[in-house]
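> Please find the sequence and the predicted model below.
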Amino acid sequence: MDEVEVALRMLSRGFVDLHLNVRGGDIVDPFALPDSLGIGMQMTSRLCLTSGVADIADSVHCLSDMARRLPVGAWGVPAFSSPFRFAEAKLLSSEPVAPTEECRALATKGQADDAFEDIHHRQLREIVQRVRSERRLQIYSILRERIVRKPVYERRELENFIEENGIVAANEVMRRWSTEIPLGALRRDGSFNICRNCGGLLYPHRDTRAFPEGRCRIGPCLEEVPSSRAGATVESASGWRVFADDILAYWVGPGLAEIRLHDELRAAGVDVVLYPRDDAADVGRTQELGIDVKSYSCPRLLGETLSQRLGGLATFDRRFVAIPDAMVNRRPHYLEDLRLAYRGTAPVVFAKVGEIRGLVTR
C-alpha cells in the first residue's frame, strides 16, 4: 500500500474516531485531535508540500468542510486526483455531517469495525434478545423500518406502536436515539414542517423562493428531490422528537432507497421483507433472495470492499447489489467499473435500484 493510500486511510480512520468522540459529547478541539486524524492530516500536508499546492490539512475545520462537499479527487491534491483509484470516494456526508460508508470501509480496510458500525445494531439486537415472543425474529426489522419511515415522530404515537408490537423494551433506547425538535427547525409561529419525500424535518431557509416551506437536510432525499416540499405541518413541537444525526445519516438516508425498493417489489407480488434475518441484507426473503443497496460514490472502492467482505449477503442463494439510480445516472460507467473491481468468489448481480424488480421477477 503506497503513501497516498495510507494517508487516505488514516484520514478516514481519523474522521471516524473524531465522530465517535463528538457523539460521546466532546467538543472538536484542534489541539486535541485523535492520533489517527493527526497522523492523517500530517501525511496529507506532506503530499501537498511535495506537490507545491496549498496545504489543505492545516485546519481540521477547513478539511472537514472540504471532505463533506467534495470527493477526495477534487481536493486540489494531485496525489489524490485521478488516476488514483479512490479519487471518487467521499469521506463525509454533506447533511447530516458524518463519516460515509466509504470512509468507514477505508478506515477498516474492509473489515468489521466493532467500535463504530455496530453501536446501534448492538443496542437494537439487545432489545430483540429481551423479547419473549414468536415474533422475536421480526422485531429487528419492525424497529428499523419504523425508524426509516418515520424519522420525526410524536412520542405518544410511538409508545402506542411499541406497545402494540410487544416491544416495550425499545422505549428507552428510542428516546436515547432521538432529541426534541431543534429550535432551528421551528418557524416563527412555533410550528414545523415535515418533508413530503422522506418524513424528516424541513428547516427554514433564507432562499424562500427556492424553499418556501423549508429545506430538508437528509442528503439522499435532497438528491432525489432538490426542491423540498412539506407533507405535513405540525402546529406545536411539544411531544415531538426527531432521531439523532447519526441515525439519520446511517439508517434513514440510505434507507430511503431500501424502503422504496421493498415497496416496489411487494407491489409487484414479490414476497420480501426489510432487513431479513437480523439485517443479513437490506431487502430479501429466507435463504433465497438477498438485496443490498449501496451508495458509494467510488465504484472501485465498493468493488474492493465487497471482494474482501460480502457480509450477510453471502448467505443468500441469489445476491443483488443495487445502486441508487441518481448515482449511476450521474456517473457514466459506474456499474461497469464496479463489476470490474469486484473479485469475490460468490456471484453477485450489480444493477440500478430501478432495474432490480425486473431482474428479480425474471
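On my side now, so go ahead.
> which residues touch stretch 215-223?
With contacts defined as C-beta atoms under 8 Å, 6 or more residues apart in numbering, stretch 215-223 is touched by 93-96, 151, 195, 197-198, 200-203, 205, 225, 228, 248-249, 252-254, 256-257, 295, 324, 326. C-beta: built from backbone N, CA, C; applies to glycine.
> then that stretch to CSV, C-alphas only?
Provided in CSV are the C-alpha atoms of stretch 215-223 (Å, rounded to 0.1, in the frame of the first residue of the first chain):
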residue,chain,number,x,y,z
ARG,A,215,-35.2,22.7,3.2
CYS,A,216,-34.6,19.0,4.0
ARG,A,217,-31.2,18.2,5.5
ILE,A,218,-31.1,14.5,4.6
GLY,A,219,-28.6,14.2,1.7
PRO,A,220,-30.1,11.3,-0.2
CYS,A,221,-33.5,13.0,0.0
LEU,A,222,-32.2,16.2,-1.4
GLU,A,223,-30.6,14.3,-4.2
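> Quick one: end-to-end length of stretch 231-249, please.
21 Å (C-alpha to C-alpha, to the nearest Å).
> Work out the gap between it and the centre of the chain.
Distance of stretch 231-249 from the chain centroid (C-alpha atoms, centre = their mean, to the nearest Å) equals 18 Å.
> mean confidence score for that stretch?
Averaged across stretch 231-249, pLDDT comes to 94.
> Can you mark which positions in that stretch are buried?
The neighbour-count check on stretch 231-249 (16 or more other C-beta atoms under 10 Å) flags 234, 237, 240-249 as buried.
> what's the answer for stretch 211-223, then?
So for stretch 211-223, counting by 16+ other C-beta under 10 Å, buried means 211, 213-223.
> Can you get me the start-to-end distance on that stretch?
15 Å.
> got it, and stretch 348-359?
From its first residue to its last, stretch 348-359 covers 12 Å (C-alpha to C-alpha).
> ok, now stretch 199-215?
12 Å.
> Which helix or strand in this protein has the lowest average pLDDT?
The weakest-scoring helix or strand in the chain, judged by mean pLDDT, DSSP states H and E, is helix 118-130 (a mean of 66).
> Next SSE downstream of it?
Reading on from helix 118-130 to the C-terminus, the next helix or strand found by DSSP states H and E is helix 136-149.
> Please save the CA atoms from that following helix in CSV.
C-alpha atoms of helix 136-149 as CSV (Å, rounded to 0.1, in the frame of the first residue of the first chain):
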residue,chain,number,x,y,z
ARG,A,136,-38.8,-12.2,18.0
LEU,A,137,-37.0,-12.6,14.7
GLN,A,138,-39.3,-9.9,13.2
ILE,A,139,-38.6,-7.3,15.9
TYR,A,140,-35.3,-6.0,14.5
SER,A,141,-36.9,-5.5,11.1
ILE,A,142,-40.0,-3.8,12.6
LEU,A,143,-38.0,-1.3,14.6
ARG,A,144,-35.5,-0.5,11.7
GLU,A,145,-38.4,0.0,9.3
ARG,A,146,-40.2,2.2,11.7
ILE,A,147,-37.2,4.5,12.2
VAL,A,148,-36.6,4.9,8.4
ARG,A,149,-40.3,5.5,7.6
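> Beyond that helix, next helix or strand please.
Next element after helix 136-149 (DSSP H and E): strand 152-154.
> which parts of the helix or strand following that next one are buried?
Downstream of strand 152-154, the first helix or strand assigned by DSSP H and E is helix 155-164. Buried residues in helix 155-164, counted by 16+ other C-beta under 10 Å: 155, 158-159, 161-162.
> ok, back up a step: I'd like the list of the buried residues of stretch 231-249 that fall within strands, please.
234, 240-243 (DSSP state E).
> rewinding a little: between the buried residues of helix 155-164, which is nearest Arg362?
Phe161 (36.6 Å; C-beta to C-beta).
> Surely that closest one is in contact with Arg146?
Yes. With contact defined as C-beta atoms under 8 Å, Phe161 counts as touching Arg146 (6.6 Å).
> Beyond the biggest helix by length in the chain, next helix or strand please.
For the chain, the helix with the greatest residue count under DSSP state H is helix 3-23. Per DSSP H and E, helix 3-23 leads on to helix 35-51 as the next helix or strand towards the C-terminus.
> Contacts for the next helix or strand after that next one next, please.
Using DSSP H and E, the helix or strand that directly follows helix 35-51 along the chain is helix 60-69. Here helix 60-69 makes contact (C-beta under 8 Å, 6+ apart) with 11, 15, 18, 28, 30, 33, 37, 41, 44, 56-57, 75, 90-94, 97.
> Next, the angle from helix 60-69 to helix 35-51.
If you take axes from the mean of the first three to the mean of the last three C-alpha atoms, to 10 degrees, helix 60-69 sits at 80 degrees to helix 35-51.
> What residues sit buried inside helix 60-69?
Quick answer for helix 60-69 (16+ other C-beta under 10 Å): 60, 63-64, 66-68.
> Next, format those as CSV and append distance to Gly190 and pLDDT.
Listed next are those as CSV, based on distance: C-beta to C-beta, whole Å; pLDDT from 0 to 100:
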residue, distance to Gly190, pLDDT
Val60, 36, 91
Leu63, 38, 95
Ser64, 33, 94
Met66, 37, 95
Ala67, 36, 96
Arg68, 31, 93
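> Thank you kindly, that will do.
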